[in-house]
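Engineer: Dropping a prediction and its sequence here:
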Amino acid sequence: MPDPTLQPKRACESYVEMTQLVLPSHTNPLGTAFGGQIMAWIDICAGIAAQRHARQITVTASMDDLHFRSPIRQGEVVILKAQVNRAFHTSMEVGVRVEAENPLTGERRHCSSAYLTFVAIDQNGQRVPIPPLIPGNENEQRRYEEAEERRQFRLQRRNLKRNVVSHRAEETS
């Protein structure tokens, strides 16, 4: 639950749009962008959105499943759009949409989406509370509600993983 002493912020205040040109150094032998390069740009874009919301140092805690829907080719422009979907007590979910644009035609296509969890920390690396988030329109409200569902899924998956690890440790003892 967000800290009630912190002033709530509107979701749109964290919005970031970033562009990158896919250069030869960003591509594999097929001339398409390295997945790791796209992931790095996603992390940077999401990190800026998280920091805009928290106005604190933020670090990446996790990235949900990342699926590449369409390859991004050398010479194309990558457009990354990020915004905080929901704030919890010391963490927040940031959604990122990745599109590729043909610079000659202006045609865009959706290439990837990702959800990242960021944590706000102080100078000693300790978690700190972040402001609550206020959705401002229907789309933001939908993303706000879906973020809670994804959070519950993440927590269940984390607990399942802990149970599997502790069960395996008991078997080997």
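Structural biologist: Everything's here; your move. Residues are numbered from 1 along each chain as shown.
Engineer: CA only for contacts and neighbour counts going forward, please
Structural biologist: Fine.
Engineer: any idea where the strands of this protein begin and end?
Structural biologist: With DSSP state E as the criterion, the chain has strands at 9-10, 16-21, 57-63, 67-68, 77-87, 91-101, 108-121, 133-134.
Engineer: Would you pull up how far the fourth one lies from the middle of the chain?
Structural biologist: In this view, strand 67-68 has its centroid 14 Å away from the chain centroid, taken as C-alpha atoms, centre = their mean, to the nearest Å.
Engineer: Which of the strands of the chain has the highest mean neighbour count?
Structural biologist: Mean neighbour count (mean count of other C-alpha atoms under 10 Å) peaks for strand 77-87 among the strands of the chain, with a mean of 26.
Engineer: chain center to it, what's the gap?
Structural biologist: In terms of C-alpha atoms, centre = their mean, the centre of strand 77-87 is found 7 Å from the chain centre.
Engineer: Sheet-wise, list the partners of it with their directions.
Structural biologist: Paired strands of strand 77-87, with direction, are strand 16-21 (antiparallel), strand 91-101 (antiparallel) (DSSP bridges).
Engineer: picking up where we left off before, in a markdown table, list the strands of the chain along with distance to residue 145 and mean pLDDT.
Structural biologist: What follows is the strands of the chain, written out as a markdown table (distance: least, C-alpha to C-alpha, whole Å; pLDDT from 0 to 100):
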| stretch | distance to residue 145 | mean pLDDT |
| --- | --- | --- |
| strand 9-10 | 15 | 96 |
| strand 16-21 | 21 | 98 |
| strand 57-63 | 18 | 96 |
| strand 67-68 | 22 | 90 |
| strand 77-87 | 8 | 98 |
| strand 91-101 | 11 | 97 |
| strand 108-121 | 14 | 97 |
| strand 133-134 | 12 | 96 |
